[in-house]
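Q: What follows is a predicted protein model with its sequence.
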Amino acid sequence: MYPFFRSLLFRLDPETAHHLTLQLMRLGSLEPIHSILRAIFSAPSRPVNVFGLTFKNPVGLAAGYDKDAVAIKGLSALGFGHIEVGTVTPKPQPGNPRPRVFRLPEDEAVINRMGFPGNGSAFVVGNLKRSNFRTFKPSNIVIGINIGKNKDTPNEEAVLDYLELLQCFASYADYLAINISSPNTVGLRQLQGRVALEGLLTQLHAQRRFEEKKLDKRLPLLVKLAPDLSENELDEAVDVILGTHMDGIIVTNTTSGARD
C-alpha cells in the first residue's frame, strides 16, 4: 500500500502532506485503533542504555514532525524507541513564510526552511496533559522535548527562553534537547560559540539540578549542533559541552550548505 499512499501524498504540497499525516496520526490515540497499531507495528526489543535512560530500540522519531505534541499518543503506537517533540518555543510563532519545505525526489530528501513554527510551550503542555502520556507508556517509549528560543528574542536574552522551557517541561520530558543550531532562525547558531555556549549551558545545568531535586528525577540534557561547524568550532563546542556537564550531543541539525 505504501506506493499508493506515497503517490497520493506527493500530489500535495509537502507541508500540506505533513499536516495531513499528522492529523491522521491523531486518530491513533483512539481505541481500538491505538491497540491495533501497537500490534501491527510491534518492534523487536533491542534495548539501548544511554544517559541513564533505556530506549527499547535504537530507532526513534526526531524533532520536527510533531512540533506541538498533537499526535504523540498515536505515534507512540508505531514501535519507536523514542519520540522527540518540537522544536518548542516559549511563545507561539508562525515561522518563516510559505513555501518553506521543498521536495528533492531525485535525492530522496527535502529542504526545510520552517523556522520553528509552533503554538508555544503552554499549548504543548496542554497536549501532553490531554494525551495522559504517563499512562500510555506500556510501550515504554522515551519522550524527548526539543527546545529553542523565539525568533524575536535577542541572543543576549536567549538564556531566559531556554530556562523558561526547561522549567516548563522538566516534569514531562525524559530528556531535553537544546536546539542552538537551526539555520532557519537568524543568529541562533551564534550561540554555539564558546563564550555564548558556556554561559547558556552553565545556567541550564544549574537550573536542571534544581528541577531534579524538586521532582526527584534525573533530566538528561543533550545539545544539538550544526553540521557546518569548522573543526576548531566543533572542538570548542564539545569542550564546553563536556565542561558544563551536559549528557550528550545530537549530531546533527540541518545543513545550510549544499552537499554533493
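A: That came through fine.
Q: mind listing what's buried in stretch 143-154?
A: 143-151, 153 (16 or more other CB atoms under 10 Å). All C-beta atoms are positioned from the backbone trio N, CA, C, and that covers glycine.
Q: Could you list which of those residues belong to strands?
A: Cross-referencing the buried residues of stretch 143-154 against strands under DSSP state E gives 143-147.
Q: In CSV, list those along with pLDDT and distance to residue 26.
A: Listed next are those as CSV, based on pLDDT from 0 to 100; distance: CB to CB, whole Å:
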residue, pLDDT, distance to residue 26
143, 92, 17
144, 94, 20
145, 95, 19
146, 95, 20
147, 95, 23
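Q: any chance of the residues you listed in JSON lines, with distance to residue 216 too?
A: Listed next are these as JSON lines, based on distance: CB to CB, whole Å:
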{"residue": "143", "distance to residue 216": "18"}
{"residue": "144", "distance to residue 216": "20"}
{"residue": "145", "distance to residue 216": "19"}
{"residue": "146", "distance to residue 216": "24"}
{"residue": "147", "distance to residue 216": "22"}
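Q: one step back: from the buried residues of stretch 143-154, which single one is nearest residue 67?
A: residue 146 (8.7 Å; CB to CB).
Q: need the contact list for the closest one.
A: 63, 84-88, 176-177, 179, 224 (CB atoms under 8 Å, 6 or more residues apart in numbering).
Q: top of the residues you listed by neighbour count?
A: residue 85 (30 neighbours; other CB atoms under 10 Å).
Q: so how far is the helix or strand hosting that one off the chain centroid?
A: Applying DSSP states H and E as the criterion places residue 85 in strand 82-88. Here the centre of strand 82-88 is set off from its chain's centre by 3 Å, with CA atoms, centre = their mean, to the nearest Å.
Q: May I see the buried residues of the helix or strand that comes right after it?
A: Downstream of strand 82-88, the first helix or strand assigned by DSSP H and E is strand 101-104. By 16+ other CB under 10 Å, the buried positions in strand 101-104 come out as residue 101.
Q: packing partners for strand 101-104?
A: Contacting strand 101-104 under the criterion 3 or more CB pairs under 8 Å, 6 or more residues apart in numbering; DSSP states H and E are the following elements: helix 14-26, strand 109-112.
Q: what comes into contact with the longest helix seen in the chain?
A: Secondary structure of the chain read by DSSP state H shows that its longest helix is helix 194-215. For helix 194-215, contacts defined as CB under 8 Å, 6+ apart pick out 155, 158-159, 162-163, 166-167, 170-171, 178, 180, 190-191, 218-219, 221, 223, 236-237, 239-241, 243-246.
Q: Please name the residues that touch residue 71.
A: 22-23, 25-26, 28-29.
Q: Count the neighbours of the residue nearest to it when sequence neighbours are not counted for me.
A: Closest residue in space to residue 71, ignoring its immediate chain neighbours: residue 25 at 3.9 Å, by CB to CB, 6 or more residues apart in numbering. By other CB under 10 Å, the residues close to residue 25 number 21.
Q: go on, residue 79?
A: 18.
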